[in-house]
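# Sequence first, predicted coordinates after that:
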Amino acid sequence: MGEGWSLNWLGNYTESKDDRSVVGEASWESPSTRTLRPTVSYDFSDPNRSRLQLFTTLQLASPTRFQAGTPVTAIDTFTKPLVSLTALDAVDTTKAYTGRLYIMHDTDLLGGDAVIKAGVQYDQRTKVVDERNLVLNTAAQFSTIGLSTDYNQFSLDKPFLGRIPMDYTFRYFDPAKMRAAISSARNSFSLNPVPANFYDVREQVLAGYVMGTVKWGWGSAVAGVRVENLKNRGIANGTVAGVNRQIIAESSDTQAFPSLHVNYNLDDTKKLRFSLSTGAARADYDQMRPNVVVNDTNLSISGGNPAVKPEKAKGADVYFEWYMEPQGYLMAGVFYKDVSDVLYRQSRIFNSDALNSNGIDRSGYVFSGITNGGDGYLKGIEAAAQLQLEPYTASMGLPEWMGGFGIRATATLNESEVTKPAVGSIPARKLRLPGTSDEVYNFAVYYEKYGASLQLSYQKRSLWLDSFADDLTDAGDTYWAADDELDFSARYSVNKNFEIYFDATNLLNNSGRRFSEPGNLLSATGIPSAFSDRQTIEWESFGRRYAAGVRFSF
């Protein structure tokens, strides 16, 4: 091109496959007779470990009154009728195309040196989900493949392999017997398509932008706008007015996102930065499919929402930066973001027999799907620092080797609020923004000198909201409890091509805990009348992890 002009382009195609196939799943369920099932006693006094005790169940003189009998340790002493044996063949295919073209021109603008860019990009992603499964759920079918209906004949007498303390024992299923049963089932019965779980979704994004960067003696400014047209199409099988048919859902949306960033040089080492920005977060395109997908293994139903709208945001921030001489960096700033149509994960009991089939009752499954909440905001302050002794050792009378020591630290304090629309018996109410902690801290001590790089880093964040409750009868809003982590890394460069490394992560080995705020704590106004974090619904610990090795680069 001509002087001061340049042209760049890119084209890309990818194809990926997600194999969700399940070799086999056998389901044993509690019998319908109450006295054949255990009575359970729970102790929630320790939020990190919900203790339980099992008892036999005794029926009193009244046919509707029962009481705990003899304590039981092995849960497999209770009978568990075999309900079903299933296998699943499912490989999801995603194809993606990308094409991008942009031009750039150097010029003079508003008395400064400017670079003007303009470009266009097209993205298309298509995902096809097709499943075939095998479901055996009758005594005759179990007999055909010689499958024992006694769980103890289908399991291993092996002690619990986990490290989380248990108050009862159970038997693991035998993988070899499972594979043998599935092999026999595949020889005797056919896998059938699951049309209800089929979907074909496509997302097309055509975007264009223009931006300019201008530099003056006192600083610089970057301004631009991105215009984006989004088209979604989903094809699935469903029921409309009692008739099974193919459903096609389409949507189209065009939005513009302007932005402005100004950098002002207070002096040679200090800068003031100011910005205005806009943006949007879209639900993933497979979350917009026009159907639901049933997972009998997890007792769950995930639903698509073709009508969900993008979450939109408008923000402003001001930051001060100091590049210290001879070495060091300090930063502090404030930010504010206004959000609307907040995306959140809706979760509730399905409470319908519409998806019952093959003798399976799915009315008690957990239904989840993406939806829009109300409007809200996120605001806060942030600070960061990075300092090293290197340039100060001589003036402080320290030995040269100590110059490698330094620190890095960041701190963010947030305040957020979103108004969740009324659902069912719960009126509109105000909550914190999902996934946002009020406090996040990072601190690291490092040593970098003589080819060595050592770092010990610590991170802590306060609790954050995971999902909203949509009904007072549900478990309630769920949160992840506050957590912290400590990691260590070491690197030594023998030369520019050879490096030795060692990493140690999760040294504190703290657990992750998700808990619910019971729905019955929500008052008639939708505001929590109390707050309890003792309803633990998930507790996980992954242990300390270590890795060491060498790296070559050429």
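Nice, I can see it. Predicted model only: the values in this text are computed from it and were never measured. Residues are numbered from 1 along each chain as shown.
# residues touching the residue lying closest to G543 once chain neighbours are set aside, list them.
Leaving aside its sequence neighbours, G543 sits nearest to N509 (C-beta to C-beta, 6 or more residues apart in numbering; 6.0 Å). The way it works is simple: take the backbone N, C-alpha and C, and place the C-beta from them, glycine included. Contact analysis of N509 by C-beta atoms under 8 Å, 6 or more residues apart in numbering lists S541, G543, R544.
# where does P159 land in three-state SS?
Under DSSP: H, G, I helix; E, B strand; the rest coil, the three-state class of P159 is coil.
# how about it, phi and psi?
Main-chain torsions, P159, degrees, to the nearest 10: phi -70, psi 160.
# one step back: the residue nearest to G543 in helix, strand or coil?
N509 ends up coil, using three-state DSSP.
# what's the distance between it and L161?
18 Å (C-beta to C-beta, to the nearest Å).
# sorry, back to before: of the contacts of N509, buried ones?
With burial judged by 16 or more other C-beta atoms under 10 Å, the buried subset of those is empty.
# List just the nearest of those to M396.
Closest approach between the contacts of N509 and M396, by C-beta to C-beta: R544, at 36.5 Å.
# Now do the contacts for G238.
Counting by C-beta under 8 Å, 6+ apart, G238 touches A196, N244, R245, Q246, I247, P290, N291.
# rewinding a little: dihedrals phi and psi, the residue nearest to G543?
phi 50, psi 40.
# Need the outlier residue of this protein, farthest from its centre.
Distance from the C-alpha centroid of the chain, by C-alpha atoms, centre = their mean, peaks at A61 (50.9 Å).
# need the contact list for that one.
Contacts of A61 by C-beta under 8 Å, 6+ apart: none found.
# Tell me how far it lies from Q67.
For A61, the distance to Q67 - C-beta to C-beta - is 11 Å.
# ditto for P427
40 Å.
# now do K496
76 Å.
# Which of those two has more residues huddled nearby?
Q67 (11 against 8; other C-beta atoms under 10 Å).
# burial of the nearest residue to the more buried one once chain neighbours are set aside, as a residue count?
Excluding the flanking residues, the one nearest Q67 by C-beta to C-beta, 6+ apart is L58, at 5.3 Å. Neighbours of L58 under the rule other C-beta under 10 Å: 14.
# V205 too?
Using other C-beta under 10 Å: V205 sits among 17 other residues.
# Name the helix or strand for it, please.
Taking DSSP states H and E as the criterion, V205 maps to strand 199-216.
# C-terminal to that strand, what's the next element?
Next element after strand 199-216 (DSSP H and E): strand 219-240.
# now for the helix or strand just after that following strand, which elements pack on it?
Going down the chain from strand 219-240, the next helix or strand is strand 243-265, by DSSP H and E. Judged by 3 or more C-beta pairs under 8 Å, 6 or more residues apart in numbering; DSSP states H and E, the packing partners of strand 243-265 are strand 219-240, strand 270-281.
# can you rerun that using 10 Å?
strand 199-216, strand 219-240, strand 270-281, strand 311-323 (3 or more C-beta pairs under 10 Å, 6 or more residues apart in numbering; DSSP states H and E).
# Can you point out the buried residues in that strand?
For strand 243-265, burial by neighbour count (16+ other C-beta under 10 Å) applies to I247, A249, F257, S259, H261, N263.
# Okay, now the sheet partners of that strand, with direction.
Strands that pair with strand 243-265, judged by DSSP bridges, come out as strand 219-240 (antiparallel), strand 270-281 (antiparallel).
# who wins for proximity to N295 among those strands?
Among the strands paired with strand 243-265, strand 219-240 comes nearest to N295, with 16.0 Å by C-beta to C-beta.
# Okay, now the unreliable bits of the chain?
Low-confidence segments of the chain (pLDDT under 70): 1-2, 239-243, 297, 347-348, 354, 358, 423-426, 470-475, 518-534.
# which residues of it fall in helices?
Using DSSP state H, the helices of the chain run over 139-144, 175-188.
# Just say which of the ones you listed is most tucked in.
Stretch with highest mean neighbour count among the helices of the chain: helix 175-188 (a mean of 15; mean count of other C-beta atoms under 10 Å).
# Give the bridge partners for the nearest residue to W216 once chain neighbours are set aside, please.
Setting aside the residues directly before and after it, W216 is nearest to G112 in space (C-beta to C-beta, 6+ apart), at 4.3 Å. Counting by DSSP bridges, G112 forms beta bridges with L109.
# ok, now V205?
V205 forms beta bridges with D123, L230, as assigned by DSSP bridges.
# give me every residue that touches it.
When contacts are counted by C-beta atoms under 10 Å, 6 or more residues apart in numbering, V205 is found next to 98, 121-125, 228-232, 282, 285.
# Between these, which sits nearest Q141?
Q141 lies nearest to Y285 out of these, by C-beta to C-beta, at 38.3 Å.
# Run through the residues that contact the closest residue to the closest one other than its chain neighbours.
Excluding its sequence neighbours, the residue lying closest to Y285 (C-beta to C-beta, 6+ apart) is E203, at 3.8 Å. Listed by C-beta under 10 Å, 6+ apart, the contact set of E203 reads 96, 123-127, 230-234, 282, 284-286, 288.
# and those, which are buried?
Looks like the contacts of E203 have D123, R125, T126, K127, L230, N232, R233, G234, R282, Y285, D286, M288 buried, using 16+ other C-beta under 10 Å.
# Figure out which of the strands paired with strand 243-265 is closest to T14.
The nearest among these, by C-beta to C-beta, is strand 219-240 at 19.4 Å.
# Just give me how far that closest one sits from the chain centre.
Distance of strand 219-240 from its chain centroid, counting by C-alpha atoms, centre = their mean, to the nearest Å, is 21 Å.
# what comes up buried for it?
So, applying 16+ other C-beta under 10 Å, buried residues of strand 219-240: 219-222, 224, 226, 228, 230, 232-238.
# Which pair of those spans the longest distance?
G219 and N237 (58.3 Å).
# Nearest to A411 among the contacts of E203?
Using C-beta to C-beta, those come closest to A411 at R282, 30.8 Å.
# Quick check: phi and psi at the closest residue to that closest one other than its chain neighbours.
In space, and not counting its chain neighbours, R282 is closest to P310: 4.7 Å by C-beta to C-beta, 6+ apart. P310 adopts backbone torsions of phi -60, psi 150, taken as degrees, to the nearest 10.
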